[in-house]
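J.: Sequence and computational prediction follow.
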Amino acid sequence: MSRTIDYGNLMHDAMRSLIRNVLLDVADNGLPGAHHFFITFDTSHPDAELADWLSDRYPGEMTVVMQHWYDNLEVTKDGFSITLNFGDAPEPLYIPYDAIRTFVDPSVEFGLRFEQQEDDDKKVVAVKAEPDLNQIEESELEVEEAPVKAAEIVSLDSFRKT
């Protein structure tokens, strides 16, 4: 049997590293300018930690918004912990990078989507983020399921603001 290069997992690891580096910078320096994040994650991931009432309300996935108020951001090599406000109730969360399904910064039209395929392999798809901020509640974001497509090459230049 011949060895192959697993580009999908290599890309997956690189994008998780990118998220980690962004969060490390935010932990050290705060969110710059208009930057803010919508982070959708798998609430049933075995290492995810959230209040029972949140996991009951969002049994499969939940999107959190990291914008005006957050506290106790701690970034580790496997995930991050943060306290967010849910209807005037601060709640601590721990989100492993493996649980993240989307990471979007709409202020610069940047987004990543980690798609789950039927054979349980994951692939990373870079997406252009253009959410309608008037339709989004502070504690959740509707994420449409995209059909699984064949692999495509995406130029990072297409995500840069001109």
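T.: Perfect, I can see it now. Numbers count the residues shown, from 1 in each chain.
J.: With just CA atoms, put stretch 54-72 into CSV.
T.: Provided in CSV are the C-alpha atoms of stretch 54-72 (Å, rounded to 0.1, in the frame of the first residue of the first chain):
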residue,chain,number,x,y,z
LEU,A,54,-27.2,25.8,27.1
SER,A,55,-26.5,22.2,26.0
ASP,A,56,-30.3,21.4,26.5
ARG,A,57,-31.2,24.5,24.4
TYR,A,58,-28.6,23.8,21.7
PRO,A,59,-28.2,20.0,21.7
GLY,A,60,-26.2,19.8,18.4
GLU,A,61,-24.5,23.1,17.7
MET,A,62,-24.5,26.6,19.0
THR,A,63,-23.1,29.9,17.6
VAL,A,64,-21.6,32.4,20.0
VAL,A,65,-20.7,36.0,19.3
MET,A,66,-17.5,37.4,20.6
GLN,A,67,-17.8,41.2,20.3
HIS,A,68,-18.6,43.8,22.9
TRP,A,69,-18.5,41.9,26.1
TYR,A,70,-16.5,38.8,27.0
ASP,A,71,-14.3,37.9,29.9
ASN,A,72,-11.7,35.4,31.0
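J.: chain center to that stretch: distance?
T.: Taking C-alpha atoms, centre = their mean, to the nearest Å, one finds stretch 54-72 lying 11 Å from the centre of the chain it belongs to.
J.: do stretch 21-35 as well
T.: 15 Å.
J.: how about it: buried residues?
T.: Within stretch 21-35, the residues scored as buried using 16 or more other C-beta atoms under 10 Å are 22-23, 26, 31, 35. All C-beta spots, glycine's among them, are computed from the backbone N, C-alpha and C.
J.: which pair in those residues spans the largest distance?
T.: Pairwise distances across the buried residues of stretch 21-35 peak at 11.7 Å for 23 and 35 (criterion: C-beta to C-beta).
J.: where do the strands sit along the protein?
T.: 37-42, 61-66, 71-75, 79-85, 90-96, 100-105, 110-116, 122-127 (DSSP state E).
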